[in-house]
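> Structure for this input, please:
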Amino acid sequence: MKKIAFFCIPAHGHTNPMIPVAAELVRRGNKVRFYSFDEFREKIAASGAEFVSCSSLMPTISEEEEQGLKKVSITEMSMQDIRLTECFTDFLTAEFESFKPDVVYSDSACFWGKLNAWKFDVPLVVSTSTFAFNQMSSQYMKHSPAEITDMMFGLPKISRRLKDLIPLGYKYKSVMSLVASDNGTDSVVYTSKGFQPYSGAFSNHYLFMGPSLMTDKLPDKKKSRPLVYISMGTVINDRPDFYKSCIVALKDLNADVIISCGKTFDIGSLSALPDNIKIHPYVDQLDVLSRTDVFITHCGMNSVSESLYMAAPMVLYPQTGEQQAVARRAAEIGAGEFLKDDSSAGIKAAVSRVLGSDAYAKAAKKCSDEFRACCGTAGAAEFIENAPHKSDAPDPLKALNRECGKYQLIYWLIAAVLFVLVWKLTGLKYVWTVGVPFGVCNGTFSKLVTNHVYKKKYGSLSGLP
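Sure, this is the predicted structure:
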C-alpha cells in the first residue's frame, strides 16, 4: 500500500480527470489524501479518497485579480498559484511531516503541489489535464495578441515573485520548470498517443492513458432525429449573445437541441424557447454526448475528450490558446470543423455541414475506439504506484535538437559566407542586406527544419491519419 497525496487547482477541468484515478488507487488498496476545495468535496469523497479542504486558507483577492483569473490570464493564474503556495506553507509542512506521502500526484498548473514534492523530496507525478506541451507540441497553440502581451510582460513579474518562496524552503529550477512539460518528469496525460500532437517527442516518463472517465456508457446514436448539444464549459460560459445566436440558428432545424449554460447565465432572460430546444444550467454530459450527433464546444480538453470518447463529432469554437490547440488537433483528425462565423447563419451552416457528412462521425468513432483501447485508470494507478520511473532510453527531444542544430549551423555558415562576400564587394555599408533577411527568416526556418526532422525520424505526426 502506498500513501499518495493529490493536489489540484480549484478548477473543474483540472480536478475532474484526477478523480477516477484517485478512485482506482483507493480500489487497489492505497491511501489517497486529496487536497482540494469545498466545491469539490462531494465528488472527491465519492471516490473513496480522503478529502482535505484548503478553502479556509484561501487569501482574499482583489476585484482586479479576480477579473484576471476569469479572463484566464496566465500571469494572474501564476501569481495566484504563488500566493496560495505561501498561504498553504505551514499547513502543508505539517501535513507532509505527519502523512509522509510516498508519491505526490499534482496537477500541472498546481505550484504548491509540485513545490512541496520537491521541498520534501517526494517522487512527483504530474497530472496533465490538456495536451503535454513542449517546444514541438506548443506549435499547436495560437495565442491572441492579448495573451501574448500578458505572457511577455508577466514572465519577469512571475520570476520576481517566485523568489519570495525561497526563504520558505521551496526550490525550483526556473519558471518554466513549474509551467512546462519536460522529458525527465513522470507525467500522466489524459489522451492517447495518437491524439497527442508530436507524441514521439516525449520520453518514456509520459503515460498516455486515454480520457479519465468513470463510465461504462457506450455511444448510442439511434433515435428519430439528430441531437445537437451546446456547452461552453465551466469557466468562460457567460455567453448570452452566443446562446441566443444558437437558438436563432437552430430553432427551425430538424433536430433536438440541448444547451448547458452554467450557473452564471440567467435562463429567465430568454424569451419562450422553440419546442426543439432545451436549456439547463448543467447536464450529465457523458449521457448527452453518447446520444449527440453534433457538439458545439469551446474545446476544453475534457469536453473534446468526452465528445470523441462518445463518438460525437464537433463544431469547434475555442476561446483560448490552449483550446485552439485542442481544436486544431480535432479538426486534423477529421472529427470536427472550426466555427469561423459565429453569427446565427454561420452556426447553422457549420452544424448542417457536420450533420450532412458521415466523414465527421466516422473520424470521431475511430478516435473513440483508440481512446477505449488505452490503459485507462488502471494503467495510471500502476504508473503512479511505481514512481519514480527510470528510463535508459535517449531523450527524443534532445536528439531532435541535436539534429536540428546541424541545419542551423549550415544556415548561419551560408549567412556568414554571404556576409563576407557582400562586405568584400560593396563594403560594410550593405552588409545589412544579408543580416536582416537571415535574422528575420531564422524563426520560420527553425520551425520548418524542426518539423522536417521530426517527420523524418518519426514518420507521420501521430498514429491517426
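> Closest to the geometric centre of the chain, which residue is that? Let me know.
In the chain, the centroid-proximal residue (C-alpha atoms, centre = their mean) is Thr130; its distance is 2.1 Å.
> my guess is it contacts Ser303, does it?
No. Look at Thr130 against Ser303 with C-beta atoms under 8 Å: they stay out of range, at 11.2 Å. No exception for glycine: its C-beta is placed from N, CA and C like everyone else's.
> Enumerate the positions of stretch 14-33 that are buried.
14-26, 30-33 (16 or more other C-beta atoms under 10 Å).
> out of the residues you listed, which are inside helices?
His14, Thr15, Met18, Ile19, Pro20, Val21, Ala22, Ala23, Glu24, Leu25, Val26 (DSSP state H).
> Can you tell me the closest non-neighbouring residue to Ile19?
Once flanking residues are discounted, Ile19 sits nearest to Ser47: 5.0 Å by C-beta to C-beta, 6 or more residues apart in numbering.
> rewinding a little: quick one: contacts for the residue nearest to the centre of the chain?
Met301, Glu322, Ala325, Val326 (C-beta atoms under 8 Å, 6 or more residues apart in numbering).
> Tell me the one among the residues you listed nearest to Phe371.
Closest to Phe371 out of the contacts of Thr130 is Met301 (12.6 Å), distances taken as C-beta to C-beta.
> per-residue confidence at that closest one?
Note on Met301: pLDDT of 94.
> And Arg239, by the same measure?
pLDDT, the model's per-residue confidence, is 71 for Arg239.
> any idea how far it is from Gly268?
According to C-beta to C-beta, to the nearest Å, Arg239 and Gly268 sit 16 Å apart.
> So between the two, which is more surrounded?
For Arg239 versus Gly268, neighbours defined as other C-beta atoms under 10 Å are more numerous around Arg239 (19 against 5).
> isn't the more buried one right next to Met232, touching?
Yes. Taking contacts as C-beta under 8 Å, Arg239 lies within contact range of Met232: 5.5 Å.
> shared neighbours of the two, which are they?
Shared contacts of Arg239 and Met232 (C-beta under 8 Å, 6+ apart): none.
> What about Gly233, how many residues nearby?
The number of residues packed near Gly233 is 18, by other C-beta under 10 Å.
> For it, which residues are in contact?
Neighbouring residues of Gly233 by C-beta under 8 Å, 6+ apart: Gly13, Gly262, Thr297, His298, Gly300, Ser303.
> So it belongs to a helix, correct?
No. Judged by DSSP: H, G, I helix; E, B strand; the rest coil, Gly233 forms no part of a helix; its state is coil.
> And the pLDDT at it?
Value for Gly233, per-residue pLDDT: 80.
> From Thr320, how far out is it?
In terms of C-beta to C-beta, Gly233 sits 10 Å off from Thr320.
> now swap in Arg329 and tell me
To Thr320, Arg329 is 15 Å away according to C-beta to C-beta.
> These two: which has the busier surroundings?
It is Arg329, of Arg329 and Thr320, that has more neighbours when counted by other C-beta under 10 Å, with 26 against 21.
> Helix or strand: which one has that one?
Using DSSP states H and E, Arg329 sits in helix 321-332.
> and what of Tyr454?
For Tyr454, the enclosing helix or strand under DSSP H and E is helix 432-458.
> in the protein, which helix or strand is least confident?
Lowest on mean pLDDT, DSSP states H and E among the helices and strands of the chain sits helix 63-70, with a mean of 56.
> so after that one, what's the next helix or strand?
Note on helix 63-70: by DSSP H and E, the next helix or strand toward the C-terminus is helix 74-99.
> quick one, that following helix and helix 321-332 angle?
Between helix 74-99 and helix 321-332, the angle comes out at 100 degrees (axes from the mean of the first three to the mean of the last three C-alpha atoms, to 10 degrees).
> quick one: helix 74-99 to chain centroid distance?
Mean-position distance between helix 74-99 and its chain equals 22 Å (C-alpha atoms, centre = their mean, to the nearest Å).
> what's around the closest residue to Phe96 other than its chain neighbours, how many residues?
Setting aside the residues directly before and after it, Phe96 is nearest to Phe120 in space (C-beta to C-beta, 6+ apart), at 4.8 Å. Other residues lying near Phe120 total 17 when counted by other C-beta under 10 Å.
> rewinding a little: mind listing the strands whatever helix or strand comes next after the helix holding Arg329 pairs with, and their directions?
Downstream of helix 321-332, the next assigned helix or strand under DSSP H and E is strand 336-338. Partners of strand 336-338 in the sheet, by DSSP bridges, are strand 314-316 (parallel).
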